[in-house]
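S.K.: Task: produce atomic coordinates for the following.
(3 chains)
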Amino acid sequence: MTRQKKLSQNFYSRNVITVAKELLGKTIVRKYGSSILSGMIVEVEAYDGSVDRAAHTFNGKTKRNEVMFEQGGLLYVYFTYGVHFCCNVVTGKAGLGNAVLIRAVEPLEGIDIMAKNRFNKTDLTESEKINLANGPGKICRAFNIDRRHNGVNLTGSEIFLLYNKKIPKSDIAVTTRIGIKKSVDLPWRFYIKNNKFISKK
DNA sequence: ATCAAGATTACCT
DNA sequence: GGTAATCTTGATA
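M.R.: The predicted model follows:
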């Protein structure tokens, strides 16, 4: 795992759609006390506040979305439905209001800890293993990510991403996004074809 | 002050 | 497939 190189500032400073597609196959790592939690990103969605009515940043800066207006490479964590946290990778230059929502992860390391965080037990059934982090709220629960992590710099050592696989274009599925009511036709959801840890077909 | 909506999930029938 | 859970924020008065 530590063989892979950490993604640097340059990776995040690019266009949100480009970064979204390239995030597929990368590893998200969270230092968790003396342990490591990690997983491969298998599904994402892009949000671009300049044209996208579904983006939190479409109507300008507020207390809630200020991190999303910062430079690329920060983590934007928000709370929704009174229940769940979701985490996003901020992209582009400061002021843009662009970010990529991480929607599903295939667990790699620290699976017992994730199992504890999600189900408060360790011996999971096959279906529970697949359900560990196959949705934005589930990821944050499994990785124990919450409002404390809003604004964390991903080039730091607490939460970061590693190069892993580069997913070829032919293996990336493109669809409309899930769970939104505005700008519903933008084809900005991307996932790895035939991966079983996708949130939804 | 009040209020509606929300990048979801789990559990029900 | 339907819906309750649960609370923060941002808009409007």
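
S.K.: And the helices in chain A?
M.R.: Taking DSSP state H, the helices of chain A run over residues A:9-12, A:16-23, A:111-119, A:126-130, A:136-143.

S.K.: Highest mean neighbour count out of those helices?
M.R.: Most buried of the helices of chain A, by mean neighbour count (mean count of other Cβ atoms under 10 Å): helix A:136-143, with a mean of 24. Just so you know, the C-beta spots here come from the backbone N, C-alpha and C atoms, and that holds for glycine as well.

S.K.: so what secondary structure elements neighbour it?
M.R.: strand A:27-32, strand A:35-48, strand A:84-91, strand A:98-109, helix A:111-119 (3 or more Cβ pairs under 8 Å, 6 or more residues apart in numbering; DSSP states H and E).

S.K.: Kindly present those as TSV, with separate columns for mean pLDDT and distance to DNA strand B.
M.R.: Output for those, formatted as TSV (pLDDT from 0 to 100; distance: least, Cβ to the nearest atom of the strand, whole Å):
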stretch	mean pLDDT	distance to DNA strand B
strand A:27-32	98	15
strand A:35-48	98	3
strand A:84-91	98	5
strand A:98-109	98	4
helix A:111-119	98	6
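
S.K.: how about the ones you listed, which one is nearest DNA strand C?
M.R.: strand A:84-91 (8.0 Å; Cβ to the nearest atom of the strand).

S.K.: Paired strands for the closest one, with orientation please.
M.R.: If you go by DSSP bridges, strand A:84-91 pairs up with strand A:75-80 (antiparallel), strand A:98-109 (antiparallel).

S.K.: Run the contact check for that strand versus DNA strand C.
M.R.: No: no part of strand A:84-91 sits near DNA strand C under the criterion Cβ under 7 Å from any atom of the strand; the closest distance found is 8.0 Å.

S.K.: what angle do that strand and strand A:27-32 make?
M.R.: 120 degrees (axes from the mean of the first three to the mean of the last three Cα atoms, to 10 degrees).

S.K.: returning to that earlier point: just put the helices and strands packed on helix A:136-143 in a markdown table and tack on distance to A:Pro136.
M.R.: What follows is these, written out as a markdown table (distance: least, Cβ to Cβ, whole Å):
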| stretch | distance to A:Pro136 |
| --- | --- |
| strand A:27-32 | 13 |
| strand A:35-48 | 9 |
| strand A:84-91 | 4 |
| strand A:98-109 | 5 |
| helix A:111-119 | 14 |
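
S.K.: Can you tell me how far A:Gly137 is from DNA strand C?
M.R.: Per Cβ to the nearest atom of the strand, to the nearest Å, A:Gly137 is found 9 Å from DNA strand C.

S.K.: again, but for A:Arg3
M.R.: 39 Å.

S.K.: Repeat that for A:His149.
M.R.: As judged by Cβ to the nearest atom of the strand, A:His149 and DNA strand C stand 14 Å apart.

S.K.: swap in A:Val184?
M.R.: As judged by Cβ to the nearest atom of the strand, A:Val184 and DNA strand C stand 17 Å apart.
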